[in-house]
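Visitor: Pasting a predicted model and its sequence here:
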Amino acid sequence: MKNLKVEALKTMKVADLQKVAKEAKVKGYYNMKKEELVKELSKLMEQPPAPKQDDELKDNLITLKDIMGEIGLKDGKKARRILRNESIPKPGKRWGWDKKEKKSIQKVRTLLRTAM
């Protein structure tokens, strides 16, 4: 979102505020009155921007898909079910491990190989 101050938001027209709200992906911006738009946009300005995932993190990640490709397993649903049944915790938002976690990765590989 642009670096706007609250005072600048208050002087803008509703149509302009709606454009800014649309860019900021504010839900329901088209039904809001001017005061509501200013309030929502000022809340967004106060929040720090969400950290983006670095390419380095992606490079250091071994995903379940990568491990399945090594083993020759094609069914991701089956692989995830095997891991859940063995009480392997999901290591975050996705099934991927840092390359430094060699023990965890090896455990996943052996579990999937034996289940084939």
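Guide: Yep, it's here. Residues are numbered from 1 along each chain as shown.

Visitor: contacting residues around the strand or helix carrying residue 80?
Guide: Secondary structure from DSSP states H and E places residue 80 in helix 76-85. With contact meaning CB atoms under 8 Å, 6 or more residues apart in numbering, helix 76-85 is reached by 64-65, 67-68, 73, 95, 108, 111-112, 115. Where you see a C-beta, it was placed from the backbone N, CA and C, and this is true even at glycine.

Visitor: Residues contacting the following helix or strand past that helix, please?
Guide: Sequence-wise, the next helix or strand downstream of helix 76-85 (DSSP H and E) is strand 96-98. Residues from elsewhere that reach strand 96-98, judged by CB under 8 Å, 6+ apart: 60-64, 91, 104-105, 108.

Visitor: swap the cut-off to 6 Å and go again
Guide: Residues from elsewhere that reach strand 96-98, judged by CB atoms under 6 Å, 6 or more residues apart in numbering: 60-63, 91, 104-105.

Visitor: Pull out the buried residues from those residues.
Guide: 61-62, 105 (16 or more other CB atoms under 10 Å).

Visitor: Mind putting those residues into TSV with secondary structure?
Guide: Listed next are the buried ones among the contacts of strand 96-98 as TSV, based on DSSP: H, G, I helix; E, B strand; the rest coil:
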residue	secondary structure
61	strand
62	strand
105	helix
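
Visitor: Run a quick neighbour tally on residue 65.
Guide: By other CB atoms under 10 Å, the residues close to residue 65 number 13.

Visitor: so how far is residue 12 from it?
Guide: Using CB to CB, to the nearest Å, one gets 46 Å for the distance from residue 65 to residue 12.

Visitor: Equivalent analysis for residue 67, please.
Guide: Residue 67 is 52 Å from residue 12, by CB to CB.

Visitor: swap in residue 98?
Guide: From residue 98 to residue 12 the distance is 45 Å (CB to CB).

Visitor: buried set for stretch 95-109?
Guide: 95-97, 105, 108.

Visitor: Done for today, thanks.
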